[in-house]
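Chemist: Take a look and give me a structure for this.
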Amino acid sequence: MASPKITVIGLGYLGATHAAAMAELGFEVLGLDVVPEKMRKLEQGQAPMFEPGLEELLRAHVAGVEGSTGRLRFTDSWEEVGAFGDVHFLCVNTPQKHGEFAADMSYVDRAVDSLAPHLHQPALVVGKSTVPVGSAERLAARIAELAPAGDEAELAWNPEFLREGFAVKDTLHPDRIVVGVGGPRGEGLLREVYARPIAEGTPFLVTDFPTAELVKTSANSFLATKISFINAMAEVCEAAGGDVVKLAEAIGHDDRIGRKFLRAGIGFGGGCLPKDIRAFMARAGELGASEALSFLREVDSINMRRRAQMVELARDALGGALLGKRIAVLGATFKPDSDDVRDSPALNVAGQLHLQGAQVTVYDPKGMENARAVFPTLGYADSALDAARGADVVLHLTEWSEFKELDPAGLGDIVATRHILDGRNTLDPALWRKAGWTFRALGRPTL
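Modeler: Here you go, the predicted model:
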């Protein structure tokens, strides 16, 4: 029996990575996106965003690129997608609604409405987007209503667990595969699609629709809670004179707690965690279970408070006044090994400082172009040294490895004042203090 043919609808972080990975696993893949500029880049084997290893994977498989397998092609035709695919992965965005906590499902709904009328043959539509629980059941009914194939056009839900910076690895070698299915056919097809990771020992968990939808939002809510917990402990450490880094190390040795996501700092951001926990709260309210997730409101509040506290730490370092002061900000992306500045704490802090009168210069290894698009009024430099030249204070806000390797003595020679604030608790205070720097970090002793 021939391998199933795969389509991927929506070619952002999730979709572009998934399409390239499916081609790497040996499948014929057809990708569709409604943004022509993104499609043009992909057709040349170029990633539309920075993600380690993705461009190499695209060049290995995109049709027309010299030396490629040709297994990955792109189209803007829904008719072609419907005729080509046996398995259709929905990877479109579900952003936060303007002025609301709820998720905006319009992109998913439009994708289903565009695809389903072209499903003339048996097909499996697989949702990977993060959606409010209950969406899959509604979308399954919509597909059955619109698809000429009727009951033979099925839906499954297969949440993604990609970490930006590790998306290729997480797709090819996932730590678990979760599928919410309506029957054995959907499960069988997805076992075929994921045969290689399953053979390598990746757990394959089969659930109903609601459970599959809840897995991603539950996981993100737990991680967000863990980050905000250690940041709350940092606030207590500040008040009590404790050291949150030592505290995190001590509690992290407990197997029940673990060390991951226990680094205090300016909090989480990005395109997933903030919007997902807010959408989860909104959906729980609609289901009449709002009290169950009321703690997430405090998780969100602690997280946002970290940004304001970093601004106040900078103000204190500058003697109480920001107006006219020169501030170097190292980092613009929400995390290293990414060019994503969506809801970035680093860029948010830089913007707040600028709005309060400081002269802010930002440097980031990969996120400069995206940062400029969001905050064109900030200053931007081509290197960490250029950003720090003449600075009254330096803020370390994204934990890129190149910032960890900066020479404190060399940097000290070009700043106006040797004052550094570590918003990520990854720099060595002793090293910086030895080079004559005043070193501050959230939740750590001042000496």
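Chemist: and stretch 30-39, average pLDDT?
Modeler: Across stretch 30-39, the average pLDDT comes to 94.
Chemist: If we ignore the residues flanking it in sequence, what's nearest residue 362?
Modeler: Spatial nearest neighbour of residue 362, excluding adjacent residues (CB to CB, 6 or more residues apart in numbering): residue 329 at 4.6 Å. From N, CA and C alone the C-beta is placed, and that goes for glycine too.
Chemist: so how far is residue 89 from residue 10?
Modeler: To residue 89, residue 10 is 8 Å away according to CB to CB, to the nearest Å.
Chemist: now do residue 287
Modeler: With distances taken as CB to CB, residue 287 is found 27 Å from residue 89.
Chemist: Of these two, which one has the most company?
Modeler: Set residue 287 next to residue 89 and count neighbours by other CB atoms under 10 Å: residue 89 wins out with 27 against 13.
Chemist: what are the ranges of the helices in the stretch 201-350 of the chain?
Modeler: Applying DSSP state H, counting those that start in this stretch to the stretch 201-350 of the chain gives helices spanning 209-240, 244-252, 273-286, 295-317, 345-355.
Chemist: Of those helices, give the one that comes closest to residue 46.
Modeler: helix 345-355 (24.4 Å; CB to CB).
Chemist: what inclination does that closest one have with respect to helix 295-317?
Modeler: 50 degrees (axes from the mean of the first three to the mean of the last three CA atoms, to 10 degrees).
Chemist: I figured the residue nearest to residue 362 hits residue 359, correct?
Modeler: No - using CB atoms under 8 Å, residue 329 is not in contact with residue 359, being 11.1 Å away.
Chemist: the more surrounded of those two?
Modeler: Neighbour totals were compared for residue 329 and residue 359, and residue 329 leads with 35 against 18 (other CB under 10 Å).
Chemist: pLDDT wise, what is that one at?
Modeler: 98.
Chemist: Quickly list what it is bridged to.
Modeler: Beta bridges link residue 329 to residue 362, residue 395, judged by DSSP bridges.
Chemist: Next one: it relative to residue 375, how far apart?
Modeler: Here residue 329 is placed at a distance of 10 Å from residue 375 (CB to CB).
Chemist: shared neighbours of those two, which are they?
Modeler: Residues touching both residue 329 and residue 375 comprise 350, 362, with contact defined as CB atoms under 8 Å, 6 or more residues apart in numbering.
Chemist: Going along the chain, name the strands of this structure.
Modeler: 6-9, 29-32, 72-75, 87-90, 123-127, 153-157, 177-181, 204-207, 326-330, 359-363, 379-380, 393-396, 419-422, 438-441 (DSSP state E).
Chemist: Let me have those in CSV, adding distance to residue 117 as columns.
Modeler: Formatted as CSV, the strands of the chain follow (distance: least, CB to CB, whole Å):
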stretch, distance to residue 117
strand 6-9, 14
strand 29-32, 15
strand 72-75, 16
strand 87-90, 13
strand 123-127, 12
strand 153-157, 10
strand 177-181, 23
strand 204-207, 29
strand 326-330, 49
strand 359-363, 47
strand 379-380, 46
strand 393-396, 52
strand 419-422, 55
strand 438-441, 56
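Chemist: Quick one, which of those gets closest to residue 50.
Modeler: Nearest of the strands of the chain to residue 50, taken as CB to CB: strand 359-363 at 15.5 Å.
Chemist: quick one: the residue lying closest to residue 225 once chain neighbours are set aside from residue 220, how far?
Modeler: Across the structure, with CB to CB, 6+ apart as the measure, the residue nearest residue 225 apart from its sequence neighbours is residue 299 (5.1 Å). With distances taken as CB to CB, residue 299 is found 11 Å from residue 220.
Chemist: Find the residues that touch each one of those two.
Modeler: residue 277.
Chemist: Name all residues that make contact with the closest residue to residue 189 other than its chain neighbours.
Modeler: Distances taken as CB to CB, 6+ apart put residue 124 closest to residue 189, at 5.0 Å, once the chain neighbours are dropped. Applying CB under 8 Å, 6+ apart, we find residue 124 in contact with 86, 87, 88, 154, 155, 156, 185, 186, 189, 190.
Chemist: Can you check the pLDDT for residue 124?
Modeler: If you check residue 124, the pLDDT there is 98.
Chemist: does it have beta-bridge partners, and which?
Modeler: Here residue 124, judged by DSSP bridges, has bridge partners residue 87, residue 154.
Chemist: Please report the distance of it from residue 272.
Modeler: For residue 124, the distance to residue 272 equals 25 Å [CB to CB].
Chemist: Can you get me a residue count around the residue lying closest to residue 137 once chain neighbours are set aside?
Modeler: Nearest residue to residue 137, sequence neighbours excluded (CB to CB, 6+ apart): residue 209, at 5.5 Å. Using other CB under 10 Å, residue 209 has 22 neighbouring residues.
Chemist: Please list all residues in contact with residue 82.
Modeler: By CB under 8 Å, 6+ apart, residue 82 lies in contact with 115, 117, 118, 119, 120, 123.
Chemist: residues near the fifth one, how many?
Modeler: Think residue 120. Neighbour count of residue 120, defined by other CB under 10 Å: 14.
Chemist: So it versus residue 140, what's the distance?
Modeler: Counting by CB to CB - residue 120 and residue 140 are separated by 18 Å.
Chemist: The third one now?
Modeler: Counting by CB to CB, the gap between residue 118 and residue 140 amounts to 17 Å.
Chemist: Likewise for the last one?
Modeler: Using CB to CB, residue 123 is found at 13 Å from residue 140.
Chemist: if I look at those two, which residues touch both of them?
Modeler: Applying CB under 8 Å, 6+ apart, one finds that residue 123 and residue 140 are jointly contacted by residue 154.
Chemist: So for those two, which sits in the more crowded spot?
Modeler: When residue 123 is set against residue 140 and neighbours are counted by other CB under 10 Å, the residue ahead is residue 123, at 25 against 20.
Chemist: residues contacting the more buried one?
Modeler: Contacts of residue 123 (CB under 8 Å, 6+ apart): 82, 85, 86, 87, 88, 147, 149, 152, 153, 154.
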